[in-house]
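Enquirer: sequence and predicted model, in that order:
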Amino acid sequence: VGRMPVVRSVYNGLKQIAETVFAQSESSFNKACLVEYPRKGMWGIGFVLVALETALISSGGDGDPVLRWILLAMTAVWGWRLSWHLHRRNSKLPEDPRYAELAEADGRPFAQVALMRVFVPQGIAMWLVATPIMVGANNQDVVWWLVGLGLAILTLGHVFEGVGDAQLEKFKSDPAHKGK
């Protein structure tokens, strides 16, 4: 295995991940993040990357090219907004104490708890968000009124998220609400 260039890289990477996740030592893994890319709190970029990959891969297929790029744009706007919001909210904070509480209550090593209660649910969420994008990007029969409805729902969602973010920021900035 060590002499096969591609196999060696894949094997060594998978081995390192497995050793980290399944190690019995608490010191092997103490944060609910394997890779903070491109920086802390920005896991929403994963949605953008999935949509971009789908658009690029499906560009050789039979799907409608306009719909493919509309889906990418919709996902990119939402994913970048989510990433920006999470980064702004969490970048100066230490690791969320709820992760440590999860591991303590569970009794298993932190890495195993993080895998099953953080990474797997995030992966499922990404897959659920990506499924309509993958199907839509390869769909030949576009129902344009449905695309318009999707754009309207996305816009309404952004308005609600923006208003909610502003209300939360105002609430937290009031000294009377310190620690709430």
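Expert: Sure, I can see it.
Enquirer: can you pull the pLDDT of residue 148?
Expert: pLDDT recorded at residue 148 is 93.
Enquirer: got the residue ranges for the helices in the chain?
Expert: 5-22, 45-58, 65-90, 97-106, 110-114, 120-137, 144-173 (DSSP state H).
Enquirer: least reliable of those helices going by mean pLDDT?
Expert: Minimum mean pLDDT among the helices of the chain: helix 5-22, a mean of 67.
Enquirer: pick the most buried one from the helices of the chain.
Expert: For the helices of the chain, ranked by mean neighbour count under the definition mean count of other C-beta atoms under 10 Å, the leader is helix 110-114 at a mean of 21. C-beta here means a position set from N, CA and C on the backbone, and glycine is covered the same way.
Enquirer: what's that helix packed up against?
Expert: helix 5-22, helix 97-106 (3 or more C-beta pairs under 8 Å, 6 or more residues apart in numbering; DSSP states H and E).
Enquirer: how about the contacts made by the residue nearest to residue 130 when sequence neighbours are not counted?
Expert: With sequence-adjacent residues excluded and distances taken as C-beta to C-beta, 6 or more residues apart in numbering, residue 130 is closest to residue 50, at 4.4 Å. Contact analysis of residue 50 by C-beta atoms under 8 Å, 6 or more residues apart in numbering lists 75, 126, 129, 130, 133.
Enquirer: good, we can wrap up now.
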